[in-house]
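Chemist: 3D model of this:
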Amino acid sequence: METTLTSTHDGVRSHLLFDRSSALDIAAFVVDGTDLSPGSAIPSDGDPRIDRALAGFFFTCGPDHIRHPEPVEGQDGRRYPLHGSLAGTPVVRTEMSADATRCEALTEVDLACGGKAALERRWHVSEGGQCVMLEDRVTNIGVSAFAPMMMYHMNIGGRLLGQETRVVSPSLESGSLEWRFGEGESAHLCTPAHAEDGWSEVALGPLPGLGGRRLIVRFRVDTLPFLQMWRCQRGGANVISIEPASHRLAKRGELAASGELSLIEPGQSRGYALAFAVS
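Modeler: Numbering: from 1, shown residues only. Predicted coordinates for the structure are as follows:
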């Protein structure tokens, strides 16, 4: 079952198609009739939850683990699933505003460590329709503490990009780089997010397949202190992703040893926020 949120700015109409079967992530982001999502032009890691999520514009990685599977601490044989436990978890309830510019949802997820968390999610279009904003709150509703980890994947079909397309952000050492960064058919980068007034910004553009427009992403750095990006042009895959992240690119053991896996106790919460716009 899907839910749609719409906006109009400077005569350009856009709509977001949400997936209620997966935590109210975004299955499609359509601007002026063009969907930014990669669709079938994605690689597969063999997890059907992630294959479905990655084909859409936006999916949430967490709230107990991000990136590829690793062993659960202190539990022999159990592993955190690819990109954490949230993907593929249906929402418990949703509420849409009468003007279709705001949608709220609650999702309860069983964690790989045996705990349980609630994700309270609020999507809304800013006044004037200039940007889409997300506010998330993860609450520990289990009986034991766990270390929250979150990463937000905004996936853009490579068919929309051209030779002139660049990634622009003060978080990058040079301020910008070609969208085909790194070497080979697939590459990652992860860097501390530069903050101004508590927020960081990255832009991808111009996008020839979207009339030369840019995708601009902003995110709150107190709980998302890293900018990660990923691209894949391998076989039939052609996708690039902007991925604000809670943790640097390192194994869980290394993060734990350096004190970077802080716990939230039962009843405690942690908040996250981001916004994006096509300009």
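Chemist: Any regions of the stretch 151-279 of the chain where pLDDT drops low?
Modeler: Flagging of the stretch 151-279 of the chain using pLDDT under 70 yields an empty set of residue ranges.
Chemist: where along it do the strands fall?
Modeler: 151-157, 166-168, 176-178, 186-192, 199-207, 213-220, 226-232, 239-245, 269-278 (DSSP state E, counting those that start in this stretch).
Chemist: Of all those strands, which one is nearest Val143?
Modeler: Each of the strands of the stretch 151-279 of the chain has some distance to Val143 by CB to CB; the shortest is strand 269-278, at 15.9 Å. (Glycine included, C-beta is placed from N, CA and C.)
Chemist: buried set for that closest one?
Modeler: Buried residues in strand 269-278, counted by 16 or more other CB atoms under 10 Å: 270, 272-278.
Chemist: any idea which of the residues you listed is closest to Arg122?
Modeler: Checking these against Arg122 by CB to CB gives Ala273 as the nearest, at 9.4 Å.
Chemist: For the buried residues of strand 269-278, give me JSON lines that also has distance to Ala98.
Modeler: Formatted as JSON lines, these follow (distance: CB to CB, whole Å):
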{"residue": "Arg270", "distance to Ala98": "31"}
{"residue": "Tyr272", "distance to Ala98": "27"}
{"residue": "Ala273", "distance to Ala98": "24"}
{"residue": "Leu274", "distance to Ala98": "25"}
{"residue": "Ala275", "distance to Ala98": "22"}
{"residue": "Phe276", "distance to Ala98": "24"}
{"residue": "Ala277", "distance to Ala98": "23"}
{"residue": "Val278", "distance to Ala98": "25"}
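Chemist: Just name the closest of the residues you listed to Met151, please.
Modeler: Tyr272 (9.9 Å).
Chemist: In which helix or strand does the nearest residue to the closest one once chain neighbours are set aside reside?
Modeler: Spatial nearest neighbour of Tyr272, chain neighbours left out: Asp136 (4.5 Å); criterion: CB to CB, 6 or more residues apart in numbering. In this structure, Asp136 sits in strand 132-140 according to DSSP states H and E.
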